[in-house]
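Chemist: Can you look at this prediction? I've put the sequence above it.
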Amino acid sequence: MGATEKSHTREKQISASRPPGWSQDVFRLDTRKKFFSMRVMKHWNKLPREVVEAPFLEIFKARLDGALSNLVWLKMSLLTPGRLG
């Protein structure tokens, strides 16, 4: 068995041990998208200033709950015309 045959056999063994869908030629270039800070930052920047600048956690939670409920109410009112209020 030559050197190239041994390397091909070894590659087959390695590829057989990988989960389905994995390939040795696939590289992850989008790893920054998976960081917590990258996923949260754009949503954090959209929050109202009074929510972000809350001095205590309990106040932050209450203000965040109010901001999110207003957002949900606004979206629901836009989906159902004539039912504002």
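Modeler: Happy to help now that I have it.

Chemist: Please make it C-alpha for all contacts and neighbour counts, starting now.
Modeler: Fine.

Chemist: Now do stretch 38-57, average pLDDT.
Modeler: Across stretch 38-57, the average pLDDT comes to 90.

Chemist: those helices in this structure, which residues are they?
Modeler: Assigned by DSSP state H, the chain shows helices spanning 3-17, 36-45, 49-52, 57-79.

Chemist: What's the end-to-end length of stretch 41-56?
Modeler: Criterion Cα to Cα, to the nearest Å; first-to-last residue distance in stretch 41-56 is 20 Å.

Chemist: buried sites along it?
Modeler: Residues of stretch 41-56 classed as buried: Val51 (neighbour count, 16 or more other Cα atoms under 10 Å).

Chemist: contacting residues around it?
Modeler: With Cα atoms under 8 Å, 6 or more residues apart in numbering as the contact definition, stretch 41-56 has outside contacts at 60, 63-64, 67.

Chemist: hmm, 6 Å instead?
Modeler: Here stretch 41-56 makes contact (Cα atoms under 6 Å, 6 or more residues apart in numbering) with 60, 63-64.

Chemist: Name the nearest of these relative to Val40.
Modeler: Leu64 (14.3 Å; Cα to Cα).

Chemist: who are the neighbours in contact with that closest one?
Modeler: Counted by Cα under 6 Å, 6+ apart, Leu64 has contacts Val51.

Chemist: ok, now how distant is it from Leu71?
Modeler: With Cα to Cα as the criterion, Leu64 and Leu71 are 10 Å apart.

Chemist: Quick check: neighbours shared by those two?
Modeler: By Cα under 6 Å, 6+ apart, no residue touches both Leu64 and Leu71.

Chemist: In the chain, what helix or strand scores lowest on average pLDDT?
Modeler: helix 3-17 (a mean of 57; mean pLDDT, DSSP states H and E).
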